[in-house]
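[1] Okay, sequence plus prediction incoming.
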Amino acid sequence: MPAGQAPIVTFLSDFGAGSGYPAQMKGAVLSRLPAAQLVDLSHEVPPFDLLAGALLLEACVPRFPPHAVHCAVVDPGVGTDRRPLCVQDRDGRRLVGPDNGLLTPFLGPGSRCWLLADRLLAPPPESATFHGRDLFAPVAAWLAGGGLPERLGPPVEDPVRLPWPEPVAGPDRLAGEVLAADPFGNLLTSIRACHLPSGPLLVEAGGMHIRTVRTYGEAAPAELVALLGSSGRLELSIREGSAAARLGAGRGFPVVVRLPGGEPFPALPRAC
Amino acid sequence: MPAGQAPIVTFLSDFGAGSGYPAQMKGAVLSRLPAAQLVDLSHEVPPFDLLAGALLLEACVPRFPPHAVHCAVVDPGVGTDRRPLCVQDRDGRRLVGPDNGLLTPFLGPGSRCWLLADRLLAPPPESATFHGRDLFAPVAAWLAGGGLPERLGPPVEDPVRLPWPEPVAGPDRLAGEVLAADPFGNLLTSIRACHLPSGPLLVEAGGMHIRTVRTYGEAAPAELVALLGSSGRLELSIREGSAAARLGAGRGFPVVVRLPGGEPFPALPRAC
Amino acid sequence: MPAGQAPIVTFLSDFGAGSGYPAQMKGAVLSRLPAAQLVDLSHEVPPFDLLAGALLLEACVPRFPPHAVHCAVVDPGVGTDRRPLCVQDRDGRRLVGPDNGLLTPFLGPGSRCWLLADRLLAPPPESATFHGRDLFAPVAAWLAGGGLPERLGPPVEDPVRLPWPEPVAGPDRLAGEVLAADPFGNLLTSIRACHLPSGPLLVEAGGMHIRTVRTYGEAAPAELVALLGSSGRLELSIREGSAAARLGAGRGFPVVVRLPGGEPFPALPRAC
C-alpha cells in the first residue's frame, strides 16, 4: 500500500448479503485493520457457481485502484485439502481465495500465486467451515495493510483454472455461448470485443437474426438486439425488457456471429 | 467539500446490489478519490421506474450532510441523446445522473443544473451502455473531491421533470393516490403532511374507512390504519402486516381524506 | 473510542437493504459523525423476527473491534412505550436498539443497560415511526464519537429478554431444536459446542440418523450431515445442497443428540 492511501478490501461471495456471513468477514478485517475501506463486489453469486463468481471478479476488480485487495469466497471445498491462495496478476492486483478456479481471470501471463501457509499470518482456522472469515479475510487485511504476498507461503505454480469458455471460429462463423444473465435479463456471451473484426456483423441466437447496435437506445421497443456491453463482451438485450426471458436462454445457449455475404471469419487473435 | 471533511458519495440505481454494476461504479470513484466514503441508497429500484427512484432520493438525500454527492442512475435512455446532468438544489445538495426526471425532487426553486460537457472532467464514455460507471461516478468523485459544478459544462435551464403526483382538493375531500409500497407493505401516498389541516381526519381507500393514528403501535393487531410516516407522507399500514396485500393496492390506487361532518376541505397551501 | 481509531457503526434491521431506510439511518450517522466507518450486519432479518435478529447479532457483533457501536432495529413496538436502550456487555461492546429482547445475547452477566432519556442526546423523534433514523442512529453516532453510555439516561435493571432456546439434557439424550436456516439451507440449532462432550455423537432429526463430520467437505454428495458450524452451534447440512429443503425443517424442528451405546448424557455445564 503506497504511503498515505487508505487500504481497500473488497468482498465477493455466494453467501447472500443479508446472511450475516459477509458482516463477519468485515469484522475480521476491521479487527486487524480498522481504517480499511470495505466494498462489496457481490454476495449474490449463485451458490457454488465458480464461473459466475469468476465473471463478476473479471468485470469488477480492474475498476478498483491497484492497491485494493480482493477477498473472494465461493468455496464448495472448504475444509477439504483444496489449497488457500493469494494471486497477484501482472498489473499487481491481489486476490485471496480458494484454489478452485474462482480466480481464473487473474491467472494469465505474468501472474504469481502463493499458498497461504505461514501459520503466523494465516492461522489455522478456528472453524473448519468458514475460511472466508477465519483465513481469507485476515490475510486480505494483512495484505491491504502493507504485507507482502511472498511472506504468505511458498509459490504455487499450478493453480486450478476453470475451463474458460472461449468462442470457436469456423470457416463461416464464430460460435459462442451465453455465460450469464444480469438482473435486467441482458445475456453476456463468451464472445469478446477482441474476437470481432470491425464492420457489420450478423448475430444469430435461438433461430433469430439479431440486429447489432451500439447502445440500448438504438433499439426499437421490444426489439432483441446485440451489442458490445460494458464488460467488453457481446450481449443480447431488449430495451426495457429481458432478453433472457424472450429467448428462454441461460448459460450454454448458443450464439453465432457471421460476416455479411458469408465471408470467411478471420482467425481469432492470439492475445485475446 | 469543507477542509477536513471526508468526501461522501452515495449511489442509487436499478442495477441490483449483487449484479456487480454498483461495485464497478464504486471502483470508478475510488480510483479517482480513494478516501471517499461510499454509501448505497438503494440498488433495488424497480427496473426503469423513475418515480420510484425519485421518491427514494427524496426520502434519503436530505438525511446526508450537504457535502455528500449523490450518483443516481435509473437510465433507460443510456446511449441516446438524453443529457447527462449535475443538479444542485437550493440547500447546496449535489446530484449527478441522467436528465430524465429521476432528479425531479431537487429541481425546485433555487436549484441549478449543468450539462456534463467538459471532456476533461466528463470524458466520452468508454462504453455506450454504462454511463453510471463511465460518466456519472467519475463526475461524482470529482465533485466530492472539491470540484465546482460550474466547471462541468453550460447551465441547463429546462431539465426534464416527472409529472409529480399531487393530491387534488375538492369541495369535500382531498383525493390522492398510492405511490409505492415499502418491504413491510406500508403504502406511501401522494398526500403529504403539508396538505393536511390539523385535527381529526377521515381516510378512505378500497371502500374502507381507515382510522388515523400517530404510530403503528396504536393500531390493533391486523387493523388497517393511516398515519403520517417517516417520509412526511400519509401512509396506510397494518401493524405487523401488509397493507399492500390487504388492499391489493399498488401505484395509482385512490386514497381520499375528508373532514368530519363533511366540512369543506381547505385549499392546498401554495408552498407545499 | 481510543484516540486515533476510526469510529465504526454497524446496522442490523428488518428493513430490506434496498428500501431506503438503512440509507436514512446512515445519513443520520454521517450528519453527526462524517468520518464514521459504516458496516451492514444485515437488513434482511425476517420482518419483526426478534430471535432471528438476536442470533445474527450474536454471530456478527463479537467479530468487530470492541470500539464499534451496533445499531439494531427490529422494532414492532416503535411508537409505543417500549423503552429505547443502550446495552454494554461485559466485554465493553455497545449496542443501541429497542428494549424488546432483540439485544438478549448481550444481556448476560456483567452487562449494563441505560435508558435513552437525555433529551439533548436523544431528542424526541421527529417521526413516531422511525426511531432507527431519528433516535437509535443519532445515539449510535454519539457513542461512536466518544460519548459515554452513562450520560444517555438512568440505568435499566430489567431489560426485556427473549426466552432463549436452550437444549434440554435427558437421561439418554440432549434435545434441541432448529433455530434458523442460512441462505444455503444449513440449519442452525439450539445446541452449542459447550453443550457437547468430546468424542463421537449420534445425531437424529426427522427420523433420520445423521453422521457427524468436521467440515462440509467430509460429507458425500447429497449426504445429510451434522457439524459444529462457524457460529459455534450444531448445524445440519448437505454438501452443495439444502438441509432445510431435505428435512422440510424450520424453527422448532426437533434435533436430538445421543451418545454411542446409549450412555447417559452428561449434565449441561453451568456457564455454557
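    Looks like it came in fine.

[2] which residue does the stretch 51-200 of chain A bring closest to chain C?
    Nearest residue of the stretch 51-200 of chain A to chain C: A:G79, at 2.5 Å (Cβ to the nearest Cβ). C-beta: built from backbone N, CA, C; applies to glycine.

[3] What is the burial count for that residue?
    For A:G79, the tally of surrounding residues (other Cβ atoms under 10 Å in any protein chain shown) stands at 20.

[4] List the residues that contact the closest residue to it other than its chain neighbours.
    Leaving aside its sequence neighbours, A:G79 sits nearest to C:T215 (Cβ to Cβ, 6 or more residues apart in numbering or on different chains; 2.5 Å). With contacts defined as Cβ atoms under 8 Å, 6 or more residues apart in numbering or on different chains, the neighbours of C:T215 are A:V78, A:G79, A:T80, A:A128, A:T129, C:L227.

[5] Quick one: buried ones out of these?
    A:V78, A:G79, A:A128, A:T129, C:L227 (16 or more other Cβ atoms under 10 Å in any protein chain shown).

[6] Does the first one belong to a helix, a strand or coil?
    At A:V78, secondary structure determined by DSSP: H, G, I helix; E, B strand; the rest coil is coil.

[7] separation between it and A:P183?
    Per Cβ to Cβ, to the nearest Å, A:V78 is found 27 Å from A:P183.

[8] can you check the last one too?
    Applying Cβ to Cβ, one obtains 34 Å for the distance of C:L227 from A:P183.

[9] The residue sitting furthest away from the middle of chain A: what secondary structure?
    Each residue of chain A has a distance to the centre, and by Cα atoms, centre = their mean the biggest one is for A:G261: 35.7 Å. Recorded secondary structure, A:G261: helix (three-state DSSP).

[10] Then A:P22?
    Criterion first, three-state DSSP; result for A:P22: helix.

[11] Contacts only, for the closest residue to it other than its chain neighbours.
    Computed as Cβ to Cβ, 6+ apart, the closest residue to A:P22 that is not its neighbour in sequence is A:H43, at 5.1 Å. Contacts for A:H43 (Cβ under 8 Å, 6+ apart) come out as A:F11, A:L12, A:S13, A:D14, A:F15, A:G16, A:A17, A:S19, A:Y21, A:P22, B:G18.

[12] Which residues of the stretch 51-200 of chain A lie near chain B?
    Contact residues, the stretch 51-200 of chain A versus chain B (Cβ under 8 Å from any Cβ of the partner chain): A:L56, A:A59, A:C60, A:P62, A:R63, A:F64, A:P65, A:H67, A:A68, A:D182, A:P183, A:F184.

[13] swap the cut-off to 7 Å and go again
    A:L56, A:A59, A:C60, A:R63, A:F64, A:P65, A:D182, A:P183, A:F184 (Cβ under 7 Å from any Cβ of the partner chain).

[14] isn't there a helix covering the second one?
    Yes - following the definition three-state DSSP, A:A59 is counted among the residues of a helix.

[15] That one - how many residues pack around it?
    27.

[16] There's contact between it and B:G20 in this structure, I believe.
    Yes - counting by Cβ atoms under 7 Å, A:A59 touches B:G20, with 5.2 Å between them.

[17] what's the closest non-adjacent residue to A:P197?
    Per Cβ to Cβ, 6+ apart, closest to A:P197 is A:P266, 5.5 Å.

[18] Roughly how far does the one you found sit from A:L228?
    Taken as Cβ to Cβ, the span from A:P266 to A:L228 is 17 Å.

[19] Looking at the two, which has the bigger crowd around it?
    Neighbour totals were compared for A:P266 and A:L228, and A:L228 leads with 20 against 12 (other Cβ under 10 Å).

[20] Contacts only, for the more buried one.
    By Cβ atoms under 7 Å, 6 or more residues apart in numbering or on different chains, the contact set of A:L228 is A:A193, A:L234.

[21] Do you have the strands of the stretch 151-272 of chain A handy? List them.
    A:168-169, A:174-181, A:187-192, A:202-205, A:208-212, A:224-228, A:233-238, A:254-258 (DSSP state E, counting those that start in this stretch).
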